[in-house]
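Participant: Sequence and predicted structure are below.
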Amino acid sequence: MEILEPIRSVLKHKGGKVYALPPSATVYSAIELMAQKSAGALLVMNGETLVGIVSERDYTRKVILQGKSSKETQIREIMSSPVVTMTPSDTVGDAMELMTERRIRHLPIVETGYVVGVVSIGDLVKWIVGHHEDTIHALHNYIAGAYPR
């Protein structure tokens, strides 16, 4: 079943592009980058080390609602840390369960200490729906006698 597929399969299909800023960057620059890349979250990296994650939700709750200035507030002040992560060999099902349980929408994928990608809950849902469509198509062909022998 597709939820037993490893997350590396999702990353292989999606790609491993990661958007990140250092903790000293301003919240304004993070929001600007998120808008440019149509991303809902950014990783906060100190060199190659993952130190946090910042999302649109962090911005609305920790900047706007608290009356802070996005041009003066640094990401380190609002980022979520420590970061919940998984490895490429963890399953899609385990990732969905963790994200639902922890109420997170973006999950960094880390292998041997390095970030290799990020998956969103939307990426995982899209992956599962795509696999269900493939299964339905194969079963339809089998029933109709068009299944390759």
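Facilitator: That came through, no problem.

Participant: For this protein, give me the ranges with low pLDDT.
Facilitator: Within the chain, the stretches with pLDDT under 70 are 1-2, 131-142, 145-149.

Participant: Strands along that one, start to end?
Facilitator: 20-21, 41-46, 49-55, 106-111, 114-120 (DSSP state E).

Participant: Buried residues, the third one. List them.
Facilitator: Of the residues in strand 49-55, 50-55 count as buried by neighbour count, 16 or more other C-beta atoms under 10 Å. C-beta here means a position set from N, CA and C on the backbone, and glycine is covered the same way.

Participant: Please apply the same query to the last one.
Facilitator: Residues 115-120 are the ones in strand 114-120 that count as buried (16+ other C-beta under 10 Å).

Participant: now these in CSV, with distance to residue 12?
Facilitator: Listed next are these as CSV, based on distance: C-beta to C-beta, whole Å:
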residue, distance to residue 12
115, 16
116, 11
117, 9
118, 14
119, 12
120, 16
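
Participant: so which of those residues comes closest to residue 96?
Facilitator: Of all the buried residues of strand 114-120, residue 96 sits closest to residue 119, with 9.8 Å by C-beta to C-beta.

Participant: ok, what's across the strand from the closest one?
Facilitator: Under DSSP bridges, the beta-bridge partners of residue 119 are residue 107.

Participant: do the same with residue 74
Facilitator: Going by DSSP bridges, residue 74 forms beta bridges with residue 26.

Participant: ok, it touching residue 28?
Facilitator: No. Assessed by C-beta atoms under 8 Å, residue 74 is found out of contact with residue 28, at 10.2 Å.

Participant: circling back to that earlier point, columns distance to residue 90 on top of the strands of the chain, output as a markdown table?
Facilitator: What follows is the strands of the chain, written out as a markdown table (distance: least, C-beta to C-beta, whole Å):
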| stretch | distance to residue 90 |
| --- | --- |
| strand 20-21 | 21 |
| strand 41-46 | 18 |
| strand 49-55 | 16 |
| strand 106-111 | 8 |
| strand 114-120 | 10 |
